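Engineer: what shape does this take:
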Amino acid sequence: MEGDYLLDGLNQAQLEAVTASGGPVVVMAAAGSGKTRVLTRRIAWRLAQGEMNPDRVLALTFTRRAAEELRRRQRRLGQRDQILAGTFHAIALNQLRLRWAEQRRTPPKIVDSKARIVRHICKNLGLN
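Structural biologist: Below is the predicted model of the structure:
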């Protein structure tokens, strides 16, 4: 079967998650247990099997570090720039920016420091 190399080195639970047919699969596991491996291999497996169009794949992570690791692994599997991957926040912000641009609206200023906001609020409340 095409893409069998994608199954190399997976344990039984990982193998089942990677090759599960159909819709979403929930992978709940401890840190360091191979969730990113499962996610990258599942995407690659489904693409190799012709079950997905790479232009319709969105892989979401919670951290920038995890997103970069996911993209790095996808490139290593030969899917360079085929899929969209990023953090929930970055992808959502990108979608908002696209909508603002479509509507010719100026996007609001993005907060870059929680501490700066807290200082500003405290100053305005006279809590120096």
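Engineer: now residue 47: closest residue in space that isn't a chain neighbour?
Structural biologist: Of all residues beyond its chain neighbours, the one nearest residue 47 is residue 54 (5.7 Å), with distances taken as C-beta to C-beta, 6 or more residues apart in numbering. Heads up, the C-betas are built off the backbone N, CA and C, glycines and all.
Engineer: for that neighbour, give its distance to residue 20.
Structural biologist: 19 Å (C-beta to C-beta, to the nearest Å).
Engineer: please apply the same query to residue 61.
Structural biologist: Counting by C-beta to C-beta - residue 61 and residue 20 are separated by 20 Å.
Engineer: and these two? Which one has more around it.
Structural biologist: Set side by side, residue 61 and residue 20 show unequal neighbour counts under other C-beta atoms under 10 Å, the larger going to residue 61 at 21 against 14.
Engineer: ok, now which ones touch the more buried one?
Structural biologist: For residue 61, the contacting residues are 67, 70, 85, 86, 87, 88, taking C-beta atoms under 8 Å, 6 or more residues apart in numbering as the criterion.
Engineer: run through the bridge partners of it.
Structural biologist: With DSSP bridges applied, the residues forming beta bridges to residue 61 are residue 87.
Engineer: got the confidence number for it?
Structural biologist: At residue 61 the predicted local confidence, pLDDT, stands at 87.
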